[in-house]
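*Asks:* Prediction below, plus the sequence it came from.
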Protein chains: 2
Amino acid sequence: MRPGDNYYTAARDYPATGAWNSSQHPGNRQFYTLPADRKVQLDVGATLSEVTIAYETWGTLNSDASNAVLLCHAWTGDSHAAGRATDGQPSPGWWESLIGPGLAIDTNVWFVVCTNVLGGCQGSTGPASPHPDDALPYGSRFPVVTIRDMVRAQARLADHLNIRVWQSVIGGSMGGMQVLEWGIMFPDRVRSLVPIATCAQATAQQIAWGAIGRRAIRLDPQWNNGDYYDAAPGEGPWEGLAIARMVAQVTFRSDNIFSEKFGRELADGNADKSGIDMWDRFEVERYLDHHGDKLIRRFDANSYLIIGKAMDLHDVGRGRGGVEAAMSRIQVPVVSVGIWSDILYPSYQQRQIRDIVESTGGTCDYIEIDSPHGHDAFLIEFDQVSAALRGLLSRLH
Amino acid sequence: MRPGDNYYTAARDYPATGAWNSSQHPGNRQFYTLPADRKVQLDVGATLSEVTIAYETWGTLNSDASNAVLLCHAWTGDSHAAGRATDGQPSPGWWESLIGPGLAIDTNVWFVVCTNVLGGCQGSTGPASPHPDDALPYGSRFPVVTIRDMVRAQARLADHLNIRVWQSVIGGSMGGMQVLEWGIMFPDRVRSLVPIATCAQATAQQIAWGAIGRRAIRLDPQWNNGDYYDAAPGEGPWEGLAIARMVAQVTFRSDNIFSEKFGRELADGNADKSGIDMWDRFEVERYLDHHGDKLIRRFDANSYLIIGKAMDLHDVGRGRGGVEAAMSRIQVPVVSVGIWSDILYPSYQQRQIRDIVESTGGTCDYIEIDSPHGHDAFLIEFDQVSAALRGLLSRLH
């Protein structure tokens, strides 16, 4: 295997283009593999050896490395924040219209980096990666990682790229958790922070949503306790993962958007419901199935579990004397961005971030995205997100 | 089997008391089995023969049958609206403190009836019941039923009890759906209606929540397409049902109550998270597991599916020219009760009921329960529910 390959991607039927048989990874994805003697020490006590971090960059790092910006992706995101859909990279970048020359994150000015998180399945070391000891997939052997572990791995990459300071660290949802941890773990390596639609610590309700998906994957016989990479083509814990994704997909959106988009239409047009059976679907179910089907083609169930657990364990106050004590380390400008219709990370949590930062002597603007789209609005309302970022980035520049 | 027994209850290890081996059913539960020539015609086109309706009553029907009140239960409820926990009836009535002499639903005044819904597993005909043709459980043969079918069955029981008119029909959540259908299907058989924390038609988001649980049960290998009643003792689709219940349990409560009750505590006291693995639970997960475990001991997975589907199909406007046209048949006083913290049936839906009733010439009061407990508040905030009911019932008396 080449760096960044894993048993998940190898098993996928990336099609005739042969992207995975060529010497090129999709897009401009690059890889940094830590030397064998530089293990990553995890919060849970385990260590990971020969960790690979996949990343993409846009723009040019200036001579004194003073124009670097780090983007942090959400649960099922990856390093492909910008760029076209290409072979093996089925979607355009998740912030495609925000990153580029003259755009909100102006690549004429900034050198932009996005990594795939530790534990992921899009190039960075995760459960589908070969274990250094035997080159077989980690599977059930992959340890629990935390948001802090993800940030530690990103810091190793920053060292490798000779980036001592990020002018801004920006991210939504789980990306925002990394943003806060960057500010707390490495206060002298950041100049500003933009946490979006996120929280300082996962709430019981957020954990509950995660737990439902976790148990659905475990229930899938094809999950096989996490050791399924030798399954026959077309087999795997897809149904469990699809159910887990359904939970996320409902919490990512909102009641009113669902009503508007799907109403009560039946997927098969049986308007009078005569003869309906248990498995006839409403339109909203077809939509959820569609998103589940899309996800299982691009995402590994074990990575879904590992990253979900990291979010549940997210608590900036853990081991630091509480949230306030931890957040008091943040003394750079913060822009906290909320979404009024977000039912997963309700906007009160982003206002809490603002309040805590200000109460401990920092400065924080709160900007609320006016959108009915719920949590996903940070991946939809590009104009409003652009405006929020432009304000900060132009001040920095 | 006696009337009301089914393959679900027969398989449960109702304990040493031997309630299910005695000639008595728990509490004062009674049964009415329709004559073989009186089939129930269902909305989906199928018919059910020899349907049994389980019910309980409190108070005394007066000589002209003019003091009857019907209570309608929610998803996993049953006919045991009032009364102590007894053998085979592990919980007190779900509105125990509302029903009795001098209480809000005063049994010195009212004759109160509560039935187990068609499709249920607590005495009424459902998927676990013996099929008349072969006395084997219906299982996968049980047809989809609708809220209207449930109401049709209740109307047969009312005929049997010589109750032509209900002075009030009262219920929360799915019970409220039945309340609305009573008013629309049998406008001359009701004198008032109290729909609580419910809706005129299920929304896409409500359907989505239901769909997640549905797929989790289907994924459970022990569900076996609905034919599992011959499973060995202790076996059955419990894990799928428990996951389905988790979804419901989160939507039944609220973010703030979850935070207050569970915070971020780990169930096993591993406060520093060192050595944590994927399946170490937070307190909120232990709580959800506990509720799942409770439910699988008292509820049949197939009934859970059948009743959930009935709720998803709930739409008072179906086949009637729309919601407004249907609701215009309601010309008796209505009290619509909402709960401000309800995330499953948000209070705007109960205000919509009020607005529609009033816009079509009816009269409707809207009362909002002030509670942080979310949807379940109608089973918790007895003082406020009592106040809402007393006002109406005292006017009727």
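*Replies:* Cool, the structure landed. On a predicted model such as this, the values are computed, not experimentally measured, just so you know.
*Asks:* can you pull the contacts of the closest residue to A:Thr363 other than its chain neighbours?
*Replies:* Spatial nearest neighbour of A:Thr363, excluding adjacent residues (CB to CB, 6 or more residues apart in numbering or on different chains): A:Pro333 at 5.4 Å. The way it works is simple: take the backbone N, C-alpha and C, and place the C-beta from them, glycine included. The neighbourhood of A:Pro333, defined by CB atoms under 8 Å, 6 or more residues apart in numbering or on different chains, consists of A:191-193, A:363-365, A:392, A:395.
*Asks:* Buried among those? Make that a ChimeraX selection.
*Replies:* For the buried members of the contacts of A:Pro333, the matching ChimeraX selection, counting by 16 or more other CB atoms under 10 Å in any protein chain shown, is:
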select /A:191,192,193,364,365,392
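*Asks:* Can you tell me the closest non-neighbouring residue to the residue most central in space within chain A?
*Replies:* Geometric centre of chain A, nearest residue: A:Ala74, 2.1 Å, by CA atoms, centre = their mean. Among residues not flanking A:Ala74 along the chain, A:Ser173 sits closest, at 3.9 Å (CB to CB, 6+ apart).
*Asks:* That neighbour is in contact with A:Tyr345, isn't it?
*Replies:* Yes: contact criterion CB atoms under 8 Å: A:Ser173 and A:Tyr345 qualify, at 6.9 Å.
*Asks:* helix/strand/coil for A:Glu56?
*Replies:* Here A:Glu56 is recorded as strand under DSSP: H, G, I helix; E, B strand; the rest coil.
*Asks:* er, A:Ala387 I mean
*Replies:* helix.
*Asks:* Could you pull up the residues touching it?
*Replies:* A:Ala387 sits next to A:Ala104 when contact means CB under 8 Å, 6+ apart.
*Asks:* Next one: it from chain B, what distance?
*Replies:* When distance is defined by CB to the nearest CB, to the nearest Å, A:Ala387 is 28 Å away from chain B.
*Asks:* Overlap of the contact sets of A:Ser173 and A:Tyr345?
*Replies:* A:197-198, A:375.
*Asks:* ok, the residues you listed vs B:Asp315, which is closest?
*Replies:* Relative to B:Asp315, the closest of these is A:His375; by CB to CB it sits at 27.8 Å.
*Asks:* Count the neighbours of that closest one for me.
*Replies:* By the criterion of other CB atoms under 10 Å in any protein chain shown, A:His375 has 24 neighbours.
*Asks:* My guess is it contacts A:Gln349. True?
*Replies:* No: using CB under 8 Å, A:His375 makes no contact with A:Gln349, being 11.3 Å away.
*Asks:* if we can go back for a sec, would you turn the contacts of A:Pro333 into TSV with pLDDT?
*Replies:* Shown next, in TSV, are the contacts of A:Pro333 (pLDDT from 0 to 100):
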residue	pLDDT
A:Arg191	98
A:Ser192	98
A:Leu193	98
A:Thr363	96
A:Cys364	98
A:Asp365	98
A:Leu392	96
A:Arg395	93
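*Asks:* Give me the three-state assignment for A:Ile306.
*Replies:* Applying three-state DSSP: A:Ile306 is helix.
*Asks:* Quick one: residues contacting the closest residue to it other than its chain neighbours.
*Replies:* Leaving out its chain neighbours, the residue that sits closest to A:Ile306 by CB to CB, 6+ apart is A:Gly119, at 4.1 Å. Residues near A:Gly119 by CB under 8 Å, 6+ apart: A:125-127, A:142, A:145, A:149-150, A:303, A:306-307, A:310.
*Asks:* ok, and the most crowded of those residues?
*Replies:* Neighbour-wise, the contacts of A:Gly119 (other CB under 10 Å) top out at A:Thr125, 32 neighbours.
*Asks:* So that residue versus chain B, what's the distance?
*Replies:* For A:Thr125, the distance to chain B equals 17 Å [CB to the nearest CB].
*Asks:* which SS class is that residue?
*Replies:* Assignment for A:Thr125 (three-state DSSP): coil.
*Asks:* Quick one: residues in contact with stretch A:28-47.
*Replies:* By CB under 8 Å, 6+ apart, the list of residues contacting stretch A:28-47 from outside reads A:3-4, A:25, A:48-57, A:79-80, A:83, A:89, A:118, A:123, A:132, A:143-146, A:148-149, A:152-153, A:156-157, A:160, B:273-277.
*Asks:* roughly how far out does it sit from the chain middle?
*Replies:* 18 Å (CA atoms, centre = their mean, to the nearest Å).
*Asks:* and that stretch, how far apart are its ends?
*Replies:* Start and end residues of stretch A:28-47 are separated by 29 Å (CA to CA, to the nearest Å).
*Asks:* before we move on, the earlier item: what's the closest of the shared contacts of A:Ser173 and A:Tyr345 to A:Val113?
*Replies:* A:Thr198 (19.4 Å).
*Asks:* okay if I get the shared contacts of A:Ser173 and A:Tyr345 as TSV plus pLDDT?
*Replies:* Listed next are those as TSV, based on pLDDT from 0 to 100:
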residue	pLDDT
A:Ala197	98
A:Thr198	98
A:His375	98
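*Asks:* Out of those, the closest to chain B would be?
*Replies:* Lowest distance from chain B to the shared contacts of A:Ser173 and A:Tyr345 (CB to the nearest CB) belongs to A:His375, with 13.5 Å.
*Asks:* That closest one and B:Ser129: what is the separation?
*Replies:* 43 Å (CB to CB, to the nearest Å).
*Asks:* Next: A:Ile369.
*Replies:* Distance from A:Ile369 to B:Ser129, by CB to CB: 52 Å.
*Asks:* Comparing these two, which residue is more hemmed in?
*Replies:* B:Ser129 (31 against 24).
*Asks:* What sits closest to the more buried one if chain neighbours are left out?
*Replies:* Leaving aside its chain neighbours, B:Ser129 sits nearest to B:Asn6 (4.5 Å; criterion: CB to CB, 6+ apart).
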